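Novice: got a sequence here, can you build the structure:
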Amino acid sequence: MDPIRADSAHEIIDRDELRLVHDWRAGQLTRLGIPGSVAEAVADRVDWHQIAALIRRGCPPRLALRIVL
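Specialist: Numbering: from 1, shown residues only. A predicted model of the protein is given here:
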């Protein structure tokens, strides 16, 4: 495995762990109603908690994503 250094904590994290986190985030986004391909593309760039909060307030999923991006 090819380890990489995390920016904030200076921990060594392997690519498999990063992929697992990415997949989990994409899964959270799809459960919120974001299409799978879009969720995959933005999973590492958005905070799904912010999107979830907007959706809970009645915002459509795609609009919530646009607001957060």
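Novice: C-alpha only now, for contacts and for neighbours.
Specialist: Will do.
Novice: now do the strands in this protein.
Specialist: Applying DSSP state E to the chain gives strands spanning 3-5, 12-14.
Novice: spell out for me which residue occupies the centre of this protein.
Specialist: Centroid-nearest residue in the chain: residue 43, 2.8 Å away (criterion: Cα atoms, centre = their mean).
Novice: now it, nearest residue through space, not along the chain?
Specialist: With Cα to Cα, 6 or more residues apart in numbering as the criterion, residue 43 has its nearest non-adjacent residue at 5.1 Å, and that residue is residue 26.
Novice: where does that neighbour land on pLDDT?
Specialist: You'll see residue 26 listed with a pLDDT of 96.
Novice: which residues does it contact?
Specialist: Contact analysis of residue 26 by Cα atoms under 8 Å, 6 or more residues apart in numbering lists 36, 39-40, 42-43.
Novice: distance from the chain centre to stretch 26-40, please.
Specialist: Distance of stretch 26-40 from the chain centroid (Cα atoms, centre = their mean, to the nearest Å) equals 8 Å.
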